[in-house]
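>>> Next come a sequence and a model predicted from it.
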Amino acid sequence: MSRPNKGLEHVDSLEGDEASKARLRAVLATIAGEASVEEACALLSISPTRFDEIRREALEGALAALAPKPPGRPAAPPKETPAEEQLRAEVARLRHDLEGARIREEIALLMPGVLRPPSEAQKGGSPPKRGARSGT
């Protein structure tokens, strides 16, 4: 014993907005001979040219969905080996270091003298501290 055919009521169980469902019902009704194109256009408040576009899009979508697909499950992406994980981590660290070097370079170009190493800053001779005695 087979299940009774629900006809256009199959559309009701699909996920989608009501306007799209109404267009699908109209397309299916014209294909099944249950409604004329003029009736479908009046129901949807569209021109016959627009209805023809909608019907073509619906049929092309159905055809694409029914195209044969390779059998079985899609292959799972390969797992990374420990060496690959280590290389990926090294690349991430090097990119981070490179970005830091770029930022330091930009600062050095925009504000020379700000990023002098401590030994160079002392070579230039810093002013003596206040209250300090000199050479006695």
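Sure thing, it's come through.
>>> Might you report the residue contacts of Arg50?
Counting by CB atoms under 8 Å, 6 or more residues apart in numbering, Arg50 touches Cys41. Just so you know, the C-beta spots here come from the backbone N, C-alpha and C atoms, and that holds for glycine as well.
>>> so which strand or helix has it?
Per DSSP states H and E, Arg50 falls inside helix 48-65.
>>> Alpha carbons of that helix, as CSV, please.
Included here for helix 48-65 are C-alpha records, laid out as CSV according to Å, rounded to 0.1, in the frame of the first residue of the first chain:
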residue,chain,number,x,y,z
PRO,A,48,3.8,36.1,-18.5
THR,A,49,7.4,37.0,-19.4
ARG,A,50,8.4,37.1,-15.7
PHE,A,51,6.6,33.9,-15.0
ASP,A,52,8.5,32.2,-17.9
GLU,A,53,11.8,33.4,-16.3
ILE,A,54,10.7,32.0,-12.9
ARG,A,55,9.7,28.7,-14.4
ARG,A,56,13.0,28.4,-16.2
GLU,A,57,15.0,29.2,-13.1
ALA,A,58,13.0,26.6,-11.1
LEU,A,59,13.5,23.9,-13.7
GLU,A,60,17.2,24.6,-14.0
GLY,A,61,17.6,24.5,-10.3
ALA,A,62,15.7,21.2,-10.1
LEU,A,63,17.8,19.8,-13.0
ALA,A,64,21.0,20.8,-11.3
ALA,A,65,19.9,19.2,-8.0
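>>> buried residues in that helix?
Going by neighbour count (16 or more other CB atoms under 10 Å), the buried part of helix 48-65 is Phe51, Ile54, Arg55, Ala58.
>>> Need the nearest residue in space to Asp52, chain neighbours excluded.
Nearest residue to Asp52, sequence neighbours excluded (CB to CB, 6 or more residues apart in numbering): Val37, at 8.0 Å.
>>> Wait, the one you found touches Thr30, no?
Yes: assessed by CB atoms under 8 Å, Val37 is found in contact with Thr30 at 5.6 Å.
>>> follow-up on the earlier one: what's the distance between the residue nearest to Asp52 and Ile31?
According to CB to CB, to the nearest Å, Val37 and Ile31 sit 10 Å apart.
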